[in-house]
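**Student:** this one's structure only:
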């Protein structure tokens, strides 16, 4: 709170899953603060709650604190005191920040601080109101006066093991008994019972509720796609400029090539995702802070459950429409392992924004620009169809996984529905910043590494085959009387064909021929493992056209004119559709795989993911090709 | 016939009698659902599941399966 962050009091950390840290100085003292995810109890039931238990109860943990500040919501004192008393009995210096929210004031709750002090004699208790930033001075003073603790307990029980439910139950009962008996002296509540608000009548309405949710989603994605493109173009342009500037200011050689063709575009490939991730988490943050997200989970839970998912799966799945990486990360809030794993495994089937350049290029090549039913654009319909295909298959795969993954635990919901509030913009900003940081640091490393490997594979070939191909291409260009730019493009194309990737592309040709692809598409499929949109750039290199990033017109023309030996076009309707279906299903994103590995803590699940999505992609494309041709 | 929270109509208040033994029991207790606690069913999601209840000052949603673990007695009978 002091660093502008908050402790989650509720149990719906839709956005906050990683711990946040910050620091401040007061005089000669420097304080490092760690904000742990919100929880009701120190005994964990989900991965984000596990963080709290591990760090507080295991004294050898990295973030084991010197002292603990527990923010207690005055509006829910009884329940919050349970957690506080558990922390208090860990015998760390403990401070209670009694957060008198406007909500507590509206409910007219009067709390007798002295009585509260009586039951927790060694705790420092201060009042604050985080929403209006009142109480900062008091909290700093409180931190300064924190003292070493004696072995005095609130209740005399030992800390129970994480999986010893019986001991936890006995302990919890005892704590509540004691809290309850003390509470009558502490708290005066003028009885106002919550009831169903007018807003809830609309937002959880059986029909209106879903319409509003669909509308909110459409608005959010409209915003993301129209706003994110501006900074994305800027980033794209800047990195291209940086590459060419560096190339022209450094002596030619392997190092310069590595820098300008491997590292700089690799970093660019990480940075380009930031606008979308930031915008997405900004909007999800608003939905969460206002309390709307809990209502969404509430109305979606029953629908998601038969599919082996949870109401909370809605957020990861809808995030995945922008990018599967934040989607997989957001799945951490699902406490049930099976539901969480299912969500993670199917999330990359939702069509992410990296597929858009691939879809739009292929649609422009093979789908005519016609209007049907008077107003429907066929190209638009196909694009919608691809999104629908991804979503439907994500849900169907979830259904299949439900039968395959065995667990003994049963999933549960138990979700607090908060009252509606205005979002706190500072918090929102920090939360967005934190998401972007995690993405850049964790996924960025892998994306960069893969782009360098792919660059090396595309630049080098066995022995001197690449040089020979380059010389031959120059010769050919001379004969054809091409200008300098055309010559360069032709040379680049010839070199790629004879590189390791080119050879690999030709090697897999027999396997992808039944899908309607040639070795050139094979090359692009391989390079797409870095990120799907690399497909467009690879195609541009292969067809020896300048990829100006924006309008792909010359590329589209070249690809359209490409003929097989028998004179039929390579990019027929069937091959184009087959390729689109392939991209809907295939797990062609190393970054997502890396995040899945981190989240599931083993290579087993990302490998299963690559496997099942690869099988879907291959056979989906095969069937599409056969039907369409 | 024992009544569980799952079939309490909207708007009715009840007292918690017993929480069935299950892996969720501690969790439910931590959320404030302990014997003697007054609960009020506020509203239900479309399809009647999950339900939203008032637990002395805050709103909790839980699935029907979870509500079935909670034995309750209606308050009207007592008065």
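**Tutor:** Great, that's in hand. Everything quoted here is computed from the prediction, not taken from an experiment. Numbers count the residues shown, from 1 in each chain, chains lettered A, B, ... in the order given.
**Student:** what's the nearest residue to residue A:309 if we skip its chain neighbours?
**Tutor:** residue A:398 (5.4 Å; CB to CB, 6 or more residues apart in numbering or on different chains). All C-beta atoms are positioned from the backbone trio N, CA, C, and that covers glycine.
**Student:** quick check, that neighbour in a strand?
**Tutor:** No - applying DSSP: H, G, I helix; E, B strand; the rest coil, one finds residue A:398 to be helix, outside a strand.
**Student:** In terms of pLDDT, where does it sit?
**Tutor:** With respect to pLDDT, residue A:398 has a value of 95.
**Student:** One more: residue A:106?
**Tutor:** At residue A:106, pLDDT is 66.
**Student:** hmm, back to that, shouldn't the residue nearest to residue A:309 be in contact with residue A:307?
**Tutor:** Yes - Residue A:398 lies in contact with residue A:307 (CB atoms under 8 Å); the separation is 4.5 Å.
**Student:** more neighbours, those two?
**Tutor:** Neighbours of residue A:398 and residue A:307, each counted by other CB atoms under 10 Å in any protein chain shown, are more numerous for residue A:398; the result is 23 against 20.
**Student:** low-scoring stretches of the chain, by residue?
**Tutor:** You didn't say which chain, so I picked chain A. A:1-22, A:37-38, A:46-48, A:100-108, A:130-134, A:189-195, A:408-410, A:442-443, A:544-553 (pLDDT under 70).
**Student:** try again with chain B
**Tutor:** B:1, B:76-79.
**Student:** Now residue A:113. Nearest residue, chain neighbours left out?
**Tutor:** residue A:125 (5.9 Å).
**Student:** Based on its surroundings, how many neighbours for that neighbour?
**Tutor:** Neighbours around residue A:125, by other CB under 10 Å: 18.
**Student:** now the strands for the chain?
**Tutor:** With no chain named, the answer covers chain A. For chain A, the strands defined by DSSP state E occupy A:20-26, A:29-35, A:68-73, A:94-99, A:109-111, A:124-128, A:187-189, A:371-372, A:376-377, A:415-417.
**Student:** that's the wrong chain, I meant chain B
**Tutor:** Going by DSSP E, chain B shows strands at B:3-4, B:13-19, B:38-44, B:51-55, B:58-62, B:70-74.
**Student:** got the angle between the fourth one and strand B:38-44?
**Tutor:** The reference is to strand B:51-55. Interaxial angle, strand B:51-55 versus strand B:38-44 (axes from the mean of the first three to the mean of the last three CA atoms, to 10 degrees): 150 degrees.
**Student:** Who are the packing partners of strand B:51-55?
**Tutor:** strand B:38-44, strand B:58-62, helix B:64-67 (3 or more CB pairs under 8 Å, 6 or more residues apart in numbering or on different chains; DSSP states H and E).
**Student:** my guess is residue A:338 meets residue A:412, correct?
**Tutor:** No - Residue A:338 lies out of contact with residue A:412 (CB under 8 Å); the separation is 11.4 Å.
**Student:** ok, back up a step: so which of the strands of chain B has the densest surroundings on average?
**Tutor:** strand B:58-62 (a mean of 25; mean count of other CB atoms under 10 Å in any protein chain shown).
**Student:** what lines up beside that one in the sheet?
**Tutor:** strand A:415-417 (antiparallel), strand B:51-55 (antiparallel) (DSSP bridges).
**Student:** Now render those as a markdown table, adding distance to residue A:537.
**Tutor:** Output for the strands paired with strand B:58-62, formatted as a markdown table (distance: least, CB to CB, whole Å):
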| stretch | distance to residue A:537 |
| --- | --- |
| strand A:415-417 | 44 |
| strand B:51-55 | 50 |
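**Student:** so which of these gets nearest residue B:71?
**Tutor:** strand B:51-55 (14.4 Å; CB to CB).
**Student:** Now do the closest one against strand B:70-74, angle only.
**Tutor:** Using the same axes, to 10 degrees: strand B:51-55 against strand B:70-74 is 70 degrees.
**Student:** ok, the residue nearest to residue A:309 - contacts?
**Tutor:** A:307, A:308, A:309, A:342, A:343, A:345, A:346 (CB atoms under 8 Å, 6 or more residues apart in numbering or on different chains).
**Student:** Of the residues you listed, which is the nearest to chain B?
**Tutor:** Comparing those against chain B with CB to the nearest CB places residue A:309 closest, at 13.2 Å.
**Student:** For residue A:126, give the beta-bridge partners.
**Tutor:** Under the criterion used (DSSP bridges), residue A:126 bridges to residue A:97.
**Student:** circling back to that earlier point, okay but the residue nearest to residue A:113 is in contact with residue A:95, surely?
**Tutor:** Yes - between residue A:125 and residue A:95 there is a contact under CB under 8 Å: 7.5 Å.
**Student:** With adjacent residues omitted, what lies nearest to whatever residue of chain B ends up closest to chain A?
**Tutor:** Chain A sits closest to residue B:46 of chain B, with a gap of 3.7 Å, by CB to the nearest CB. Distances taken as CB to CB, 6+ apart place residue A:206 nearest to residue B:46, at 3.7 Å, with adjacent residues excluded.
**Student:** Return the distance of the residue nearest to residue A:309 relative to residue A:389.
**Tutor:** 15 Å (CB to CB, to the nearest Å).
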